[in-house]
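Participant: Just a sequence and a predicted model for now, questions to come.
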Amino acid sequence: MRKTVTFGVCLFLALAPLSGRADPLDGGQNPVLVKVKDLLQAKQAGQAVALLEAELKKQPLNAQFHYALGYAHELDKQPQKALEAFKQALRLKPTFPGLANRIKNLQASLGTDPDAIPDDPALTPAQNKARALFRKALKEKGNGNFDQAFEVFTECVDLDIAYLGGNDEGMIDAAITHYDAKVKFSKDPSAPLWQAIYRFFRGERETAERGLTTFLAGKPAPELAAVAEKWLKTVRHQQTTEETLTAAARAEELKKRLEEEKARAKAAAPAVLDKGAPPPASGGQVAPGASRVAGPAVSPAEEAEIALSSARAFAPSDEVTRTPRYKEAVAQVKDTDPRVAAAAAYRLGTFRVATPEALEGLSKALQNDDRTLVTTALEALGKIGPGAADAVPAVLEVTESELPGMKIQSLLCLGKIRSNAPVAVPAIVKCLKDENKLVEYNARDALMRYGKDAVPVLTESLSGADGPLKKAIQDILTAITGG
């Protein structure tokens, strides 16, 4: 009897942080978690696992369910599956008390403690050091030491840029949210610096350059200035490199098109008997009795005209969609491995081209339960901008997330797309009522970015609004219309 009581008490304490609210209207406990507790108390861990896995198919972003699933796997003697479930819970909700330590203890028991991984002989010393720094950054983040974690991660990226493009395990997403809040609500003089650096990591190069330039203009402390100057140099170097590569790719494409135009012009021209022409430059001989056929010569001026025609006919978007890297990214964004898909989504964002296949792939990625993939897809759609209008309904689904960070990312994305206002604006207005101040702030910013396109819907929303929401809408309308 004593043993049963002890087990029940321990079980209750373990699952205490898992109890949540189902519908805010009924005020009762979540029935799924109540059922899970009953099953585990009855020592039916397998059934509890099956129940949670079924529910997670419906609610893949429910961090509490992932946490409960990990505990059920532990009781079902499936430690590796428990570890994966706990990691997913921590990615979705980094503030779970004690979960980071629980993961570390479980890793140690499995012999997979990240701190114990030896150097990989196949990697360079810099890559191995970056790997160690990345493990340290994850550990600090898991322990709640966010500033330390994010500073360490910048060292990691400095050594191995491969940790960008979806390989950061949510580090960039968490850092952006963290530093946005610090810039707005704290007086930390270094916050704008790290905010700008992580904007660069997220692919927002122009925003990062402006942020770093502004930071340096404020004459910060020498050690912070040195960091800012280093990353500003990196940002500008990448900009120059990308422009050079793009110009080279376009020049190569134009050269290829020019050769094709020449060949077609020569083939279409009427045969001309050129009895007096000199022998071919290659030294080849014409058979006795045969006529020498020559195509019309192409002057430098004609070559220039052909090149200009080719440039007009093949817009940058067409050039991009013809490249193997683009085609590969479109295919891989649908990959079942979230890391592969996230890396592909990142590349699609760098192309900044709105094609049906790219928008379809990125929209589908938004439905994934992997937070990093969803965040990267949102960033990619934001880079594409107004051309991503067809993806707005998929982005709006993310605004319904229970995670403030995901809401913020979706609002940032909508503010960059600035299309489909009749559909997007009502959902953004709902976010003005959010209890999280950063969500509310980003909702205001997104509506301001929509500008006059948002005015009809905002005006209509006034009739059903009251109190703080009505004032917020009025303030936004005044700011947009100027009256």
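Facilitator: Good, I have the coordinates.
Participant: Contacts for stretch 410-423 next, please.
Facilitator: 378-379, 381-386, 388-389, 391-393, 395-396, 398-399, 401, 424, 428, 431, 439, 442-443, 445-446, 448-451, 453-454, 456-457 (CB atoms under 8 Å, 6 or more residues apart in numbering). C-beta: built from backbone N, CA, C; applies to glycine.
Participant: what distance separates the start and the end of that stretch?
Facilitator: One end of stretch 410-423 to the other measures 14 Å (CA to CA, to the nearest Å).
Participant: Before we move on, what's the pLDDT of the residue nearest the centre of the chain?
Facilitator: Closest to where the C-alpha atoms of the chain average out (CA atoms, centre = their mean) is Thr376, at 1.2 Å. For Thr376, the pLDDT comes out at 89.
Participant: go on, Pro356?
Facilitator: On the pLDDT scale, Pro356 gets 91.
Participant: Pull the contacting residues for the nearest residue to it once chain neighbours are set aside.
Facilitator: Spatial nearest neighbour of Pro356, chain neighbours left out: Asp390 (7.8 Å); criterion: CB to CB, 6 or more residues apart in numbering. Residues in contact with Asp390 (CB under 8 Å, 6+ apart) are 356, 359, 363.
Participant: Out of those residues, which end up buried?
Facilitator: 359, 363 (16 or more other CB atoms under 10 Å).
Participant: what's the closest of the contacts of Asp390 to Asp168?
Facilitator: Closest approach to Asp168 among the contacts of Asp390 (CB to CB): Ser363, at 22.4 Å.
Participant: Report the distance from whichever helix or strand the closest one is part of to the chain centre.
Facilitator: According to DSSP states H and E, Ser363 maps onto helix 356-365. With CA atoms, centre = their mean, to the nearest Å as the basis, helix 356-365 stands 13 Å off its chain's centre.
Participant: what comes up buried for that helix?
Facilitator: In helix 356-365, counting by 16+ other CB under 10 Å, buried: 357-363, 365.
Participant: Also stretch 419-437?
Facilitator: Here stretch 419-437 shows 419-421, 424-425, 427-429, 431-432, 434 as buried, counting by 16+ other CB under 10 Å.
Participant: for stretch 183-194, same thing?
Facilitator: Quick answer for stretch 183-194 (16+ other CB under 10 Å): 183, 190-194.
Participant: for the protein, what are the low-confidence residue spans?
Facilitator: Under the criterion pLDDT under 70, the flagged ranges of the chain are 1-29, 108, 110-119, 165-167, 239-258, 261-262, 264-319, 483.
Participant: please redo it, this time with the cut-off set to 80
Facilitator: Judged by pLDDT under 80, the chain has its weakly predicted residues at 1-29, 92-101, 104-123, 142-144, 161-170, 238-323, 483.
Participant: OK, contacts around Lys407?
Facilitator: So Lys407 contacts 398-399, 401, 431, 434, 436, 439, 442 (CB under 8 Å, 6+ apart).
Participant: Look up the closest residue to His73, ignoring the ones flanking it.
Facilitator: Ala82 (3.7 Å).
Participant: And Ala380, by the same measure?
Facilitator: Gly349 (3.1 Å).
Participant: check contacts around the residue nearest to His73.
Facilitator: Contacts of Ala82 by CB under 8 Å, 6+ apart are 70-71, 73-74, 106.
Participant: Same question for Lys219.
Facilitator: Ala225.
Participant: Distance of it relative to Leu232?
Facilitator: 15 Å (CB to CB, to the nearest Å).
Participant: and if you look at Gln195?
Facilitator: From Gln195 over to Leu232 (counting by CB to CB), the distance is 14 Å.
Participant: next one: Leu193
Facilitator: In terms of CB to CB, Leu193 sits 10 Å off from Leu232.
Participant: With Glu328 instead?
Facilitator: 31 Å.
Participant: and if you look at Glu379?
Facilitator: Relative to Leu232, and taking CB to CB, Glu379 is found at 21 Å.
Participant: Show me the domain layout of this protein.
Facilitator: 2-115, 125-241, 320-481 (automatic domain parsing).
Participant: Rebuild the ones you listed as a markdown table, extending it with distance to Glu259.
Facilitator: Output for the domains of the chain, formatted as a markdown table (distance: least, CB to CB, whole Å):
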| stretch | distance to Glu259 |
| --- | --- |
| domain 2-115 | 51 |
| domain 125-241 | 27 |
| domain 320-481 | 16 |
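Participant: can you tell which of those domains is closest to Glu260?
Facilitator: Of the domains of the chain, nearest to Glu260 by CB to CB is domain 320-481, at 13.4 Å.
Participant: so where do the helices sit in the stretch 1-150 of the chain?
Facilitator: 2-15, 31-41, 45-58, 63-75, 79-92, 99-110, 125-142, 146-159 (DSSP state H, counting those that start in this stretch).
Participant: Determine which stretch of those helices is the most buried.
Facilitator: By mean neighbour count, with neighbours taken as mean count of other CB atoms under 10 Å, helix 63-75 ranks first of these at a mean of 25.
Participant: now for the domains of the chain, which one comes closest to Ala263?
Facilitator: Closest among the domains of the chain, using CB to CB: domain 320-481, at 18.8 Å.
Participant: Does the residue nearest to Pro356 belong to a helix, a strand or coil?
Facilitator: Three-state assignment for Asp390 (DSSP: H, G, I helix; E, B strand; the rest coil): helix.
Participant: Give me the distance between it and Phe146.
Facilitator: With distances taken as CB to CB, Asp390 is found 36 Å from Phe146.
Participant: ditto for Ile476
Facilitator: 31 Å.
Participant: Show me which of Glu379 and Leu232 is the more surrounded one.
Facilitator: Glu379 (25 against 20; other CB atoms under 10 Å).
Participant: Figure out the helix or strand that that one lives in.
Facilitator: helix 371-384.
Participant: So what touches the helix holding Ser363?
Facilitator: Counting by CB under 8 Å, 6+ apart, 329-330, 333-334, 341-342, 344-345, 348, 351, 373-374, 376-377, 380-381, 384, 388, 390-391, 394 sit against helix 356-365.
Participant: re earlier: report the two of the contacts of Ala82 separated the most.
Facilitator: Pairwise over the contacts of Ala82, using CB to CB, the maximum falls at Tyr71 and Leu106, 11.0 Å.
Participant: Now Ala225. Nearest residue, chain neighbours left out?
Facilitator: Leu216 (6.2 Å).
Participant: Can you give me the end-to-end span of stretch 137-157?
Facilitator: Termini of stretch 137-157 sit 11 Å apart (CA to CA).
Participant: can you tell which of the helices of the stretch 1-150 of the chain is closest to Asp173?
Facilitator: helix 79-92 (9.4 Å).
Participant: Could you pick out which of the buried residues of stretch 419-437 are located in helices?
Facilitator: 421, 424-425, 427-429, 431 (DSSP state H).
Participant: which one of the residues you listed sits closest to Pro324?
Facilitator: Checking these one by one against Pro324 (CB to CB), the nearest turns out to be Ala424, at 34.2 Å.
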